[in-house]
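1. Have a look at this prediction, sequence included:
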Amino acid sequence: AYFFMKLLQEAGLPDGVINFIPGSGSKIGSIVFKDPNFTGLHFTGSAPTFQNMWETIGKNIRNYKTYPRIVGETGGKDFVIAHESSEIEPLVTALIRGAFEYQGQKCSAVSRAYIPDNIWPKVKENLIENLKEIKIGSPENFTNFMNAVIDKEAFDKMKSYIDFAKESNEAEIIYGGKCDDSIGYFIEPTVILTTNPKFKTMVEEIFGPVLSIYVYDTKEFDDVLKLCDETSPYGLTGAIFAQDRKAIKKAEEVLVNAAGNFYINDKPTGAVVAQQPFGGARASGTNDKAGSVINLLRWVSARAVKENFVPPKDFKYPFMKEE
C-alpha cells in the first residue's frame, strides 16, 4: 500500500485526495469513527472486526454530518458440490486450485466439498496423485505451487484445526497434515475426510490450505444441496460440478443465497474485475460487488434538479373550481 501511494504521488495525485494511514486498526479506527466528517467505510477482513466497526459507527451516528455508507466483504466458507455426472479431472483440478492456490489464504478459497459416493473412489485416487506433484517453497521459484502461510498467528490457527482432525473419530486426514515452522511457516496441502457434514472444519472459516470433504449417498443430491445451504453462515462463493443440466439448475435454485459468486464447472475463485463483480451476503458482507458500477454508485450522493419554465401564478388547482 505504501509503494502504491508513492506511485500515485509520482503520477501527480495531489496530497489529501487519498490519505495513507498505516497502523493498528483499533487505534486508527477509534479516531476516524469519532470524526464528524466520517462518511463511509469500505472494509475487507473478518466478520467480527466488521461487526465491531458497524457497532462503533452506530454508537456515533448522532455525531456525523451525514449518514455513513458501509460496505464490507468479510470472508466465506466456500464450497464445491459434485453431482454424479461430474467429470473427474476438471473436478479435481478445481479442488486443488481452489483450495491450495495462495495456500488457501483468500476469502474465496474452497474449504469444503461434497462428493457423491459413486465417483468418490476415482476422485480420491486422482486427487492424491495430483497432490503428490505439488511443490512447496519460496515464491521466487515459479515452479512452486505453494509457499509459506503469512505469519505465525495464521500458522498456529491452521495447525490447531489439523490437530483437531487428527484427534477426532469423525475424521481422517487422507493427505498432508504436516506443519513446519522451522524456516518460514509451511503447511502441507491437507485434505480431511469426515463422516460428519457439520464437522468443525466443514463449518468454520480456516483461511489456509485445508480442504474438508464429505462423501454423500448419490441418491441424496437434493438433500446435500439443502445441507450445504444450511451449514455455513457465510454466502460468498461456491461451485457446482455436473454434466446434467437439471442438476445444475436445481443447484442454482437451492443455493441462490449461499454464494454471491456462483460457478458452474469451475473453481469458485479468481473473479476478474469488470467481468465477475465480486461479493457475497449473509456473514460474507454487504454484497456490493467490488469491481463493478454497483459498488461505485454506493459512494455518490445523487442530486435531482428541477427547473420550471412556466411557474404557476395561483395556488388553487383547476379541480378546485366551484361549479
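-> Yep, it's here.

2. Do a quick rundown of the helices in the stretch 1-150 of the chain.
-> 2-11, 25-32, 47-59, 88-100, 120-131 (DSSP state H, counting those that start in this stretch).

3. quick check: longest helix of this structure.
-> Using DSSP state H, we find that the single longest helix of the chain is helix 152-167.

4. Skipping adjacent residues, who's closest to residue 151 in space?
-> The shortest distance from residue 151 to any non-neighbouring residue, by C-beta to C-beta, 6 or more residues apart in numbering, is to residue 185 (6.6 Å). From N, CA and C alone the C-beta is placed, and that goes for glycine too.

5. Count the neighbours of the one you found for me.
-> 21 (other C-beta atoms under 10 Å).

6. sorry, back to before: could I get the helices of the stretch 1-150 of the chain in CSV, plus columns for mean pLDDT?
-> Shown next, in CSV, are the helices of the stretch 1-150 of the chain (pLDDT from 0 to 100):
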stretch, mean pLDDT
helix 2-11, 96
helix 25-32, 88
helix 47-59, 95
helix 88-100, 98
helix 120-131, 98
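
7. closest to residue 282 out of the ones you listed?
-> Residue 282 lies closest to helix 47-59 among the helices of the stretch 1-150 of the chain, at 9.7 Å (C-beta to C-beta).

8. mind saving the C-alpha coords of the closest one as CSV?
-> Output in CSV follows, covering the C-alpha atoms of helix 47-59 (Å, rounded to 0.1, in the frame of the first residue of the first chain):
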residue,chain,number,x,y,z
ALA,A,47,-16.7,-10.7,10.2
PRO,A,48,-16.2,-10.0,13.9
THR,A,49,-14.0,-7.0,13.1
PHE,A,50,-16.6,-5.6,10.6
GLN,A,51,-19.4,-6.1,13.1
ASN,A,52,-17.4,-4.2,15.7
MET,A,53,-16.8,-1.4,13.3
TRP,A,54,-20.5,-1.2,12.4
GLU,A,55,-21.4,-1.2,16.1
THR,A,56,-19.0,1.7,16.7
ILE,A,57,-20.4,3.7,13.8
GLY,A,58,-23.9,3.1,15.2
LYS,A,59,-22.9,4.4,18.6
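
9. Remind me what it packs against, helices and strands.
-> helix 25-32, strand 40-44, strand 69-73 (3 or more C-beta pairs under 8 Å, 6 or more residues apart in numbering; DSSP states H and E).

10. hang on, the earlier thing: next, the buried residues of the following helix or strand past the longest helix of the chain.
-> Per DSSP states H and E, the first helix or strand lying C-terminal to helix 152-167 is strand 171-175. Under the neighbour-count criterion of 16 or more other C-beta atoms under 10 Å, strand 171-175 has 171, 173, 175 buried.

11. Looking at strand 171-175 now, give me its mean pLDDT.
-> Here strand 171-175 scores 98 as its mean pLDDT.
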